[in-house]
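**Student:** The sequence and its predicted three-dimensional model are supplied below.
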Amino acid sequence: MADLTGKVAIVTGAASGIGRAGARAFAAAGATVIVADINKDGGGRVVQEIGERAQFQPVDVRDTLQVQRMVANTVARCGRVDVLFHNAMNVPLVNRGDGRATELDEGTWREIIDLVLNGTFYCCKYAGQQMLKQGSGSIVLTATTDALIGQAGIDAYTAAKGGVVAMTRSLAAGLSPAGVRVNAVCPSFVETPHQAPFLSDPIERKKIEDLHLMGILQPEDVADFGVFLASDRARRVTGGIFPVDAGYTAFKGLMSLKETIAR
């Protein structure tokens, strides 16, 4: 396993889902973890789960002043910022409000762009500034496979996450001379509490399972890869866009083993 002993990691969206799994995984790898989330109760529970390696930091990533405070408080407490694992997301907002651009409510468009794209910008800006001072650091952004392939009905989300994918590459190029790496992880469907309604129906669950060659992702699948990208084992890896998707983007159709042998 990657060793992050002595590192300081900020994990946004850490109260649940991939963020919670990330906070736990970074702590297990030896890092001090700043559990950053707008949900104080959920964030507090994650800190209790982790123990002494974790500290809670309230943050709304849509607010540039709160993001600045998150980074400043981390430096005041821990002396540095080695890792940003950025996951902040409002899944119910996308599931309930997103849609095709021709029918999409403009207020919902602005909300999703503000949270996903502007929030990523603020976090990268201020964590990146600290990493530049240090001359080292790793930024790992959670994007989505929906930014890599077409997915109908979520045009605001795909636009925002597509921006995250593009910024990953350009920011990696811009920060690399200072020894700061930037990469993005692109999960497909992840089994989190917010996605439970899609999985409670056996028929719908089977449809989702059939789209994944190796089963529906768990939050830990994404978090563990994030730990690798943040670690020195990935010291030459930057500007990468990595699908972590159980084969979701690797195929269009499936053949049975019998069909393969017959050919």
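**Tutor:** Okay, I see it. Numbering: from 1, shown residues only.
**Student:** Can you classify V140 as helix, strand or coil?
**Tutor:** Here V140 takes the strand state, with states given by DSSP: H, G, I helix; E, B strand; the rest coil.
**Student:** How many neighbouring residues does it have?
**Tutor:** 29 (other CB atoms under 10 Å). C-betas here are computed from N, CA, C, even on glycine.
**Student:** Going forward, the N-terminal residue is numbered 656.
**Tutor:** Fine by me, first position is 656 from now on; the one you just mentioned is V795.
**Student:** Identify the bridge partners of it.
**Tutor:** F740, N838 (DSSP bridges).
**Student:** Flag the shaky bits of this structure, pLDDT-wise.
**Tutor:** 656, 844-847, 851, 853, 863-864, 907-918 (pLDDT under 70).
**Student:** Going by residue numbers, what spans are helices in it?
**Tutor:** With DSSP state H, the ranges of helices along the chain come out as 672-683, 695-705, 719-733, 746-752, 761-767, 774-789, 810-830, 851-854, 857-865, 874-885, 912-917.
**Student:** Export these as JSON lines, with columns for distance to T800 and mean neighbour count.
**Tutor:** Conversion of those to JSON lines gives the following (distance: least, CB to CB, whole Å; neighbours: other CB atoms under 10 Å):
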{"stretch": "helix 672-683", "distance to T800": "14", "mean neighbour count": "27"}
{"stretch": "helix 695-705", "distance to T800": "26", "mean neighbour count": "17"}
{"stretch": "helix 719-733", "distance to T800": "26", "mean neighbour count": "17"}
{"stretch": "helix 746-752", "distance to T800": "14", "mean neighbour count": "15"}
{"stretch": "helix 761-767", "distance to T800": "17", "mean neighbour count": "15"}
{"stretch": "helix 774-789", "distance to T800": "17", "mean neighbour count": "20"}
{"stretch": "helix 810-830", "distance to T800": "9", "mean neighbour count": "20"}
{"stretch": "helix 851-854", "distance to T800": "16", "mean neighbour count": "12"}
{"stretch": "helix 857-865", "distance to T800": "13", "mean neighbour count": "11"}
{"stretch": "helix 874-885", "distance to T800": "11", "mean neighbour count": "23"}
{"stretch": "helix 912-917", "distance to T800": "25", "mean neighbour count": "8"}
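**Student:** which one of those lies closest to D900?
**Tutor:** helix 874-885 (9.3 Å; CB to CB).
**Student:** between that closest one and helix 672-683, how big is the angle?
**Tutor:** On the basis of axes from the mean of the first three to the mean of the last three CA atoms, to 10 degrees, helix 874-885 is oriented at 50 degrees to helix 672-683.
**Student:** now for helix 874-885, which elements pack on it?
**Tutor:** With contacts taken as 3 or more CB pairs under 8 Å, 6 or more residues apart in numbering; DSSP states H and E, helix 874-885 sits against helix 672-683, strand 738-741, strand 792-797, strand 835-842, strand 896-899.
**Student:** contact partners of it?
**Tutor:** Applying CB atoms under 8 Å, 6 or more residues apart in numbering, the contact partners of helix 874-885 are 656-657, 659, 662, 664, 672-673, 675-677, 679-681, 684, 737-738, 740, 793, 795, 797, 836, 838, 840, 842, 845-847, 889, 892, 895, 897, 899, 901.
**Student:** Now F776. Nearest residue, chain neighbours left out?
**Tutor:** M822 (7.4 Å; CB to CB, 6 or more residues apart in numbering).
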